[in-house]
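Undergrad: take a look and give me a structure for this.
(chains A, B, C and D)
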Amino acid sequence: MSVTIRIIDGPLGEPASVLLPAAQFGAAIVFDGVVRSDEGGRTIRALNYEVYEPMASNMLAELGREMLTKHGLVSIMVEHSRGEVSVGQRSFRLTVHALHRAESLAAVGEFIDLMKRDVPIWKTALHASPPGLA
Amino acid sequence: MSVTIRIIDGPLGEPASVLLPAAQFGAAIVFDGVVRSDEGGRTIRALNYEVYEPMASNMLAELGREMLTKHGLVSIMVEHSRGEVSVGQRSFRLTVHALHRAESLAAVGEFIDLMKRDVPIWKTALHASPPGLA
Amino acid sequence: MLNVTLQFMVFRVLIFGPLARELACTSIAVDVPDNGSARDVNEALAARYPHKATFFRGARLAVNHAFQSAEVPLHAGDEIAVVELVGGG
Amino acid sequence: MLNVTLQFMVFRVLIFGPLARELACTSIAVDVPDNGSARDVNEALAARYPHKATFFRGARLAVNHAFQSAEVPLHAGDEIAVVELVGGG
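TA: Now for the predicted structure:
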């Protein structure tokens, strides 16, 4: 059982292979959040993420432990960007290993809901042209 | 919008990067099913998958199209093993791209439920020792 | 003198997975009356394996690689399979 | 003659995201009575920005990087932040 939290400057890279002892899990999910070009009805070029540390990491870890216990997960890893992430790039990744698919899917959905409610991370849309000229 | 079905002899490899036009999606999920060492209370060394083709591929594609329409997905890719897959190896992968996380998670859960109910794929446990000697 | 000719179609119904292991075969030959339907295949399987009659009466059949209703008429050469006890993933 | 000495603590309450952009600042200085609680910070913020009084009265505060109930007593040097309008992912 493990919880890993990583706050990364700029966009996330490709998912890394997670080395875990074989046969401990039956389901592995990698969920990636990607910056879309439309945010609140306007076309954007990037999002800027403000992360209030160490509270954000602390709360992500606390949420991770809560999901681990509640859903009996094998492991959970959270990666979140800080700073600017362009359209099409990844800003958030949740990697969950569990014995069965049901708990892995439940944990992903629940984690993201709670994160968006409680974790001190804010995003600001960066527009291609200055506001007022679009 | 695309649906891709791949039946692969033996275990699946690492997830491949899927090239999609940028900014078309906000959520990407890769769900991997992994062979566990315990199946029905006994320790196994592998599972053998029987796939009734072309019905299995046809139905996976039909299910994929159904999920694409129902959940407004951007793309869905299904990879399933045929033949022997050892403990710790991956036998099933579902890759979903969607605008938002809610529909991507719903599509993954629903697809797997329907697959396990309707798609003509059977698995047989292969034990380390012959039955009767365990 | 009355001449009655009963016409039958013979199908080799494909079976897979746990069912194939239990019955130690991969297909079951059944006779179905001409103009018979999928339901006649279910009944023929049930008659052939009385100890599994309930299972075979309710078993889903695929005809030419698609699920069909019990009423669908069969034709010589149709590929029929029992699609039960599946569990991919 | 009555000598009344009121003691106050001064906090710089951190704000982020849309709120920081709207108010064009990243922290708000507030006075809170000695032995004051988180609720006093909410009230001070509401008084400071009357047009956002409802928002600030209900706003969640983090004290030293953890959410705290409105009754938690504050101490000089505590780090206080408004954690609202979050939306990571």
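
Undergrad: so A:G40 touches A:A125, yeah?
TA: Yes: the pair formed by A:G40 and A:A125 meets the contact definition of Cβ atoms under 8 Å, at 6.8 Å. Where C-beta positions appear, they are placed from N, C-alpha and C, glycine not excepted.

Undergrad: between those two, which has more neighbouring residues?
TA: When A:G40 is set against A:A125 and neighbours are counted by other Cβ atoms under 10 Å in any protein chain shown, the residue ahead is A:A125, at 16 against 6.

Undergrad: tell me which stretches of chain A form helices.
TA: With DSSP state H as the definition, chain A shows helices at residue ranges A:55-71, A:101-118.

Undergrad: how about the strands in chain A?
TA: Taking DSSP state E, the strands of chain A run over residues A:2-9, A:27-34, A:38-39, A:42-51, A:75-86, A:90-98, A:121-127.

Undergrad: other SSEs contacting the fifth one?
TA: Meaning strand A:75-86. strand A:2-9, strand A:42-51, helix A:55-71, strand A:90-98, helix A:101-118 (3 or more Cβ pairs under 8 Å, 6 or more residues apart in numbering or on different chains; DSSP states H and E).

Undergrad: go with 6 Å
TA: Counting by 3 or more Cβ pairs under 6 Å, 6 or more residues apart in numbering or on different chains; DSSP states H and E, the packing neighbours recorded for strand A:75-86 are strand A:2-9, strand A:42-51, helix A:55-71, strand A:90-98.

Undergrad: what angle separates it from strand A:27-34?
TA: 20 degrees (axes from the mean of the first three to the mean of the last three Cα atoms, to 10 degrees).

Undergrad: quick one: distance of strand A:75-86 to the chain centre.
TA: Relative to the centre of its chain, strand A:75-86 is centred 5 Å away, using Cα atoms, centre = their mean, to the nearest Å.

Undergrad: name every strand pairing with it and say which way it goes.
TA: Partner strands for strand A:75-86, per DSSP bridges, with pairing direction: strand A:2-9 (parallel), strand A:42-51 (antiparallel), strand A:90-98 (antiparallel).

Undergrad: then the shortest one?
TA: Its sheet considered, strand A:38-39 pairs with strand A:42-51 (antiparallel) by DSSP bridges.

Undergrad: output the strand it pairs with as PDB, restricted to C-alpha atoms.
TA: C-alpha atoms of strand A:42-51 as PDB (Å, rounded to 0.1, in the frame of the first residue of the first chain):
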ATOM      1  CA  ARG A  42     -13.700  31.300 -24.600                       C
ATOM      2  CA  THR A  43     -10.700  29.900 -26.500                       C
ATOM      3  CA  ILE A  44      -7.600  29.800 -24.300                       C
ATOM      4  CA  ARG A  45      -4.000  29.000 -25.000                       C
ATOM      5  CA  ALA A  46      -3.100  27.700 -21.500                       C
ATOM      6  CA  LEU A  47      -4.100  27.300 -17.900                       C
ATOM      7  CA  ASN A  48      -2.000  28.600 -15.000                       C
ATOM      8  CA  TYR A  49      -2.200  26.500 -11.800                       C
ATOM      9  CA  GLU A  50      -1.600  28.100  -8.500                       C
ATOM     10  CA  VAL A  51      -0.800  25.500  -5.800                       C
END
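
Undergrad: re the thing from before, so which of the helices and strands packed on strand A:75-86 comes closest to D:G77?
TA: Ranking the helices and strands packed on strand A:75-86 by distance to D:G77, with Cβ to Cβ as the measure, places helix A:55-71 first at 16.5 Å.

Undergrad: thinking again about what came up before, for the strands of chain A, give me TSV that also has mean pLDDT.
TA: Output for those, formatted as TSV (pLDDT from 0 to 100):
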stretch	mean pLDDT
strand A:2-9	95
strand A:27-34	95
strand A:38-39	78
strand A:42-51	94
strand A:75-86	97
strand A:90-98	96
strand A:121-127	94
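
Undergrad: would you pull up the residue in chain A closest to chain C?
TA: The nearest approach of chain A to chain C comes at A:R101, 7.6 Å away (Cβ to the nearest Cβ).

Undergrad: identify the residues contacting C:A29.
TA: For C:A29, the residues meeting the contact criterion (Cβ atoms under 6 Å, 6 or more residues apart in numbering or on different chains) are C:R12.

Undergrad: now do the residue positioned nearest the centre of chain A against D:G88, distance only.
TA: Most central in chain A under Cα atoms, centre = their mean is A:F92, positioned 3.2 Å from the mean C-alpha point. Between A:F92 and D:G88 the computed distance is 7 Å (Cβ to Cβ, to the nearest Å).

Undergrad: which residue, other than its chain neighbours, is closest to C:F67?
TA: The spatially closest residue to C:F67, leaving aside those adjacent along the chain, is C:R60, at 6.0 Å (Cβ to Cβ, 6 or more residues apart in numbering or on different chains).

Undergrad: tell me which element the closest residue to C:A76 other than its chain neighbours is part of?
TA: In space, and not counting its chain neighbours, C:A76 is closest to C:M9: 5.2 Å by Cβ to Cβ, 6+ apart. Here C:M9 sits within strand C:8-14, counting by DSSP states H and E.

Undergrad: buried sites along that strand?
TA: For strand C:8-14, the neighbour count (16 or more other Cβ atoms under 10 Å in any protein chain shown) marks C:9, C:11, C:13-14 as buried.

Undergrad: same question, stretch C:18-36
TA: Buried-residue list, stretch C:18-36, by 16+ other Cβ under 10 Å: C:19-20, C:27-28, C:30, C:32, C:36.

Undergrad: take the residues you listed and keep only those in strands.
TA: In this view, those that belong to strands under DSSP E are C:27-28, C:30, C:32.

Undergrad: of those, closest to chain D?
TA: Nearest member of those to chain D, counting by Cβ to the nearest Cβ, is C:S27, at 52.0 Å.
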